[in-house]
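>>> predicted coordinates and the sequence they were generated for:
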Amino acid sequence: MPGNSGQTYVRFIILRTHPDSGSREGIFHVAYGLRDAVTTTSYDKDHLSELISWFKGNLSIPDRFSRYNPKKDREKPRRGISWFKDSATEHIAKMRELTAIIETYGYTSEQTRTNRPGFIVYEDEFQIVAEPFYSKT
C-alpha cells in the first residue's frame, strides 16, 4: 500500500512484549482490562468506557495485519503493528488520556515515533498497520 515517505507515525506502548509481533504491546489491551477490572474506580471505568467508545466510533478496525497469503505462504505470518499518523491529532490526544489513566494503575507507558514503521499492509486517514522490517524468531 502506498505510504507518505515524509510521514511520521506515533505509537503508544507499555513495557510488555506482545507474543504475536514480538514488539511492545499497545495500550488498548490494558485499557479494556482496566475497564473490566473490579479494582478500577467507577470514575475511571466510566472514563475508559467513554474513550473506548470514542475510538470505536472514530477509528476503523484494520482489515489486514500481515502480508501473509495463506494460499501461497507456508511461513507463519508476522503480525503487523498499528501506528497513528502524526496528523491524527485528535486520536493522539485521546490516546494520551488513555495513557494517563493506565499509568495511575502502575503501568509504564511511552509514546514512540518513527518514519520507518515497516511494510505497510493497511492504511486509512488516521492510521497504518505495518509489518516491522526485522524478523523475530
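Done, it's in.
>>> please save the CA atoms from the top helix by length along the chain in CSV.
The longest helix of the chain (DSSP state H) is helix 42-58. C-alpha atoms of helix 42-58 as CSV (Å, rounded to 0.1, in the frame of the first residue of the first chain):
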residue,chain,number,x,y,z
SER,A,42,-16.1,3.7,38.9
TYR,A,43,-14.9,7.1,37.7
ASP,A,44,-12.0,5.6,35.8
LYS,A,45,-14.2,2.8,34.4
ASP,A,46,-16.6,5.4,33.0
HIS,A,47,-13.8,7.5,31.5
LEU,A,48,-12.2,4.4,30.0
SER,A,49,-15.6,3.3,28.5
GLU,A,50,-16.1,6.8,27.0
LEU,A,51,-12.7,6.8,25.4
ILE,A,52,-13.0,3.2,24.1
SER,A,53,-16.4,4.1,22.7
TRP,A,54,-14.9,7.2,21.0
PHE,A,55,-12.3,5.1,19.3
LYS,A,56,-14.9,2.6,18.2
GLY,A,57,-16.8,5.4,16.5
ASN,A,58,-13.8,7.3,15.1
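>>> just the buried positions in that helix, please.
Going by neighbour count (16 or more other Cβ atoms under 10 Å), the buried part of helix 42-58 is 44-45, 47-48, 51-52. The way it works is simple: take the backbone N, C-alpha and C, and place the C-beta from them, glycine included.
>>> same check on stretch 12-19?
Buried residues in stretch 12-19, defined by neighbour count with 16+ other Cβ under 10 Å: 12-14.
>>> between these, which is closest to residue 91?
Closest approach between the buried residues of stretch 12-19 and residue 91, by Cβ to Cβ: residue 12, at 10.2 Å.
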